[in-house]
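Visitor: make a model of this:
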Amino acid sequence: MFTPNEKPTRPIGLVIFGATGDLTHRKLIPALYQLALAGKLPENLHIIGFARRDWDDQKFQDEMRAGVEQHSRTQPIEGETLNRLLKRMTYVSANFDDLDGYRRLDQQLDELGADNRLFYLATPPGAYSTIVQRIGEAELAHCPQGWTRVVIEKPYGHNLESAKALDTEVHAVFDEHQVYRIDHYLGKETVQNILVFRFANGIFEPLWNRRYIDCVQITVAESVGVGTRAGYYEGAGVIRDMFQNHILQLVSLTAMEAPVAFNADAVRDEKLKVLRALRPLRGEDALENTFRAQYAAGRVDGEGVKGYKQEAEVAPESITETLLALRLQVDNWRWSGVPFFVRSGKRLKRRVTEIAIQFKQVPLSLFGWRNLAGAAPNALVLTIQPEEGITLSFGAKQPGPVNQISPVKMDFSYAESFGGEPPEAYERLLLDCMNGDATLFTRSDEILAAWAFTTEILQAWEASPVKSLPVYQAGGWGPEELREFIAGMGNQWRDLG
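Guide: Below is the predicted model of the structure:
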């Protein structure tokens with residue numbers, strides 16, 4: 001959809017902090033392998049793992065080989081390509097607060113001739129500040145002969161205050177143009193295609209407003225539970241884990257105006273305007289326009305699963321939400337009066353992420369009781385996962401002498417139209433980092449605007465505490481109260497099967 005990224009040509013040192021962790025093993029190295037397979041990686045890319053485990057270069061290479069063999073999206077593995085990639089990998093063993101480790105890292109980068117440096121923080125968020133500070137103390141943040149960039153994973157802060165504090169620490173070492181705050185949702189093909197779908201086609205953009213759209217529904221449903229992340233999840237919940245970042249990004253891309261150009265600042269300027277146009281949810285408004293629930297034991301894919309409060313590291317009296325629904329309003333000229341309903345949860349019936357644009361009904365039904373499409377209004381659905389594609393639903397006459405109207409669908413599938421599976425998000429995002437394209441990364445003011453909106457909801461919840469949350473059985477679509485939440489506003493959730 002975008003202008004293709006060219007293969008970087010200058011030497012690059014990619015330093016992965018937390019290189020022994022799950023993200024590196026499952027996502028980053030397999031993504032680099034796919035880029036190598038496609039001929040997109042520069043020949044003089046050097047990958048340096050930095051972590052506390054007492055590994056050497058060979059151990060690091062062996063572990064990363066296993067990661068590619070297990071998690072690569074294409075099989076079988078092309079051995080020669082993988083071997084060439086592994087030969088570029090070295091390892092530095094040091095604690096994140098050990099300044100000597102950073103000096104050894106600097107020496108290794110100099111020996112490799114890597115004047116262009118990309119630091120990737122694939123660590124728990126508690127280590128971000130320490131790593132950034134030590135990079136600054138070791139004078140690694142700026143290289144006169146090339147560029148230096150830092151990639152920071154979510155969560156970027158815990159609330160508005162902590163996000164501002166982290167931003168201050170980051171900007172004490174790096175300039176804003178060096179900072180790439182990653183949200184892997186923005187690397188997904190269908191998410192990127194929202195803008196092309198809207199702004200490169202003349203038939204949909206004229207309808208993309210309050211005159212023709214009844215509501216927008218965004219769903220991010222997961223069938224998995226919190227698993228080994230329960231300790232983190234207890235302090236985060238859906239609102240911090242999904243809403244503040246992924247979901248608000250989807251809202252802003254869906255609602256934004258056309259940028260003056262397709263470049264990083266122009267696109268992010270328009271997204272920021274949407275975040276600033278969100279009607280604040282404070283106090284009673286926050287309580288009325290949000291719904292929280294928590295999963296109980298049930299069955300998912302035919303297997304029995306335990307409830308949230310039975311997960312390890314979850315407090316017996318926990319009121320952390322594992323399902324969240326909100327009604328949002330974008331108070332601008334285009335969207336005034338159009339509700340954005342969002343819902344996200346764990347242990348739901350199936351994994352699906354979609355944006356559904358539900359158009360207004362026709363003003364008068366001309367086909368009486370035979371209008372079977374009447375209860376199924378026109379909808380444009382952008383499916384982000386598990387299978388990326390777009391579906392348009394509309395009414396059509398069934399064959400025969402009677403005017404019987406039924407809902408039908410026009411489907412577009414990435415796999416069918418373009419062959420094979422679309423690239424993983426990290427493939428696109430890693431390449432963009434190396435090419436200096438920040439379009440699909442969040443800017444400081446975006447992050448703070450999203451946190452400002454989210455923090456007011458958190459404060460409203462804290463000011464009106466509850467002793468327990470509604471529960472829903474794992475493997476379903478949430479409790480009855482979730483349906484009542486949207487029904488009270490004159491709408492109903494889309495049937496996801």
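Visitor: next, count neighbours for Phe340.
Guide: Residues lying near Phe340 (other C-beta atoms under 10 Å) number 21. Every C-beta, even on glycine, is put in place using the N, C-alpha and C of the backbone.
Visitor: scratch that, Ile131
Guide: As a measure of burial, Ile131 has 21 neighbours, counting by other C-beta under 10 Å.
Visitor: which helices and strands does the strand or helix carrying it pack with?
Guide: If you go by DSSP states H and E, Ile131 is part of helix 128-137. With contacts defined as 3 or more C-beta pairs under 8 Å, 6 or more residues apart in numbering; DSSP states H and E, the packing partners of helix 128-137 are helix 99-112, strand 116-121, strand 148-152, helix 160-171.
Visitor: same thing but at 6 Å, please
Guide: Counting contacts by 3 or more C-beta pairs under 6 Å, 6 or more residues apart in numbering; DSSP states H and E, helix 128-137 packs against helix 99-112, helix 160-171.
Visitor: for this structure, give me the ranges with low pLDDT.
Guide: 1-9, 366-376, 420 (pLDDT under 70).
Visitor: what residue is smack in the middle of it?
Guide: In the chain, the C-alpha nearest the mean C-alpha coordinate belongs to Tyr185, at 2.9 Å (C-alpha atoms, centre = their mean).
Visitor: quick one: contacts for the nearest residue to Gln178 once chain neighbours are set aside?
Guide: Excluding its sequence neighbours, the residue lying closest to Gln178 (C-beta to C-beta, 6 or more residues apart in numbering) is Arg149, at 5.1 Å. Taking C-beta atoms under 6 Å, 6 or more residues apart in numbering, we find Arg149 in contact with Leu118, Gln178, Tyr180.
Visitor: ok, now Gly67?
Guide: Gly67 touches His25, Ile29, counting by C-beta under 6 Å, 6+ apart.
Visitor: same question, the one 5 residues further on
Guide: Ser72 makes contacts with Pro30, Tyr33, as judged by C-beta under 6 Å, 6+ apart.
Visitor: so which elements touch the host helix or strand of Lys273?
Guide: Here Lys273 sits within helix 264-277, counting by DSSP H and E. If contacts are counted by 3+ C-beta pairs under 6 Å, 6+ apart, helix 264-277 sits against helix 248-255, helix 444-463.
Visitor: hey, what's the angle from the last one to helix 248-255? Just curious.
Guide: Interaxial angle, helix 444-463 versus helix 248-255 (axes from the mean of the first three to the mean of the last three C-alpha atoms, to 10 degrees): 120 degrees.
Visitor: next, the angle from helix 444-463 to helix 264-277.
Guide: Using the same axes, to 10 degrees: helix 444-463 against helix 264-277 is 20 degrees.
Visitor: elements contacting helix 444-463?
Guide: Contacts defined by 3+ C-beta pairs under 6 Å, 6+ apart place helix 444-463 against helix 160-171, helix 264-277, helix 283-288.
Visitor: in it, what's buried?
Guide: By neighbour count on 16 or more other C-beta atoms under 10 Å, the buried set for helix 444-463 is 444-458, 460-461.
Visitor: and after that helix, which helix or strand comes next?
Guide: Past helix 444-463, the next helix or strand by DSSP H and E is strand 471-473.
Visitor: now what about that following strand, what contacts it?
Guide: Ala293, Gln294, Tyr295, Ala296, Gly298, Gly478, Pro479.
Visitor: then stretch 483-491?
Guide: Outside of stretch 483-491, the residues within contact range by C-beta under 6 Å, 6+ apart are Cys215, Phe291, Ala325, Phe341, Trp493.
Visitor: start to end distance for it?
Guide: The straight-line separation of the ends of stretch 483-491 (C-alpha to C-alpha, to the nearest Å) is 9 Å.
Visitor: quick one: buried residues of it?
Guide: Of the residues in stretch 483-491, Phe485, Ile486, Asn491 count as buried by neighbour count, 16+ other C-beta under 10 Å.
Visitor: in helices, which of these fall?
Guide: Phe485, Ile486 (DSSP state H).
Visitor: now the buried residues of stretch 483-491 as TSV including distance to Ala356?
Guide: Shown next, in TSV, are these (distance: C-beta to C-beta, whole Å):
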residue	distance to Ala356
Phe485	17
Ile486	13
Asn491	11
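Visitor: closest one to Thr219 out of the buried residues of stretch 483-491, please.
Guide: Set against Thr219, the nearest of those by C-beta to C-beta is Ile486 (11.8 Å).
Visitor: out of the helices and strands packed on helix 264-277, which comes closest to Pro422?
Guide: Closest among these, using C-beta to C-beta: helix 248-255, at 17.0 Å.
Visitor: out of the contacts of strand 471-473, who has the most neighbours?
Guide: Tyr295 (29 neighbours).
Visitor: so how far is Val150 from Glu169?
Guide: The gap separating Glu169 from Val150 is 12 Å, by C-beta to C-beta, to the nearest Å.
Visitor: which one's more surrounded, those two?
Guide: Val150 (25 against 16).
Visitor: so the more buried one touches Arg117, yeah?
Guide: No. Counting by C-beta atoms under 6 Å, Val150 does not reach Arg117; the two are 9.1 Å apart.
Visitor: make TSV from the helices and strands packed on helix 128-137 and add distance to Gln61 to it.
Guide: What follows is these, written out as TSV (distance: least, C-beta to C-beta, whole Å):
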stretch	distance to Gln61
helix 99-112	15
helix 160-171	31
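Visitor: and Asp265, which of these is closest to it?
Guide: helix 160-171 (17.3 Å).
Visitor: tilt between the closest one and strand 148-152?
Guide: Per the same axes, to 10 degrees, the angle that helix 160-171 makes with strand 148-152 is 160 degrees.
Visitor: and helix 160-171, what's buried?
Guide: Within helix 160-171, the residues that count as buried by 16+ other C-beta under 10 Å are Leu160, Ala163, Lys164, Leu166, Asp167, Glu169, Val170.
Visitor: now do the contacts for the fifth one.
Guide: Spelled out, it's Asp167. Taking C-beta under 6 Å, 6+ apart as the definition, contacts of Asp167 comprise Ser444.
Visitor: state the distance from it to Leu82.
Guide: Distance of Asp167 to Leu82, computed by C-beta to C-beta: 38 Å.
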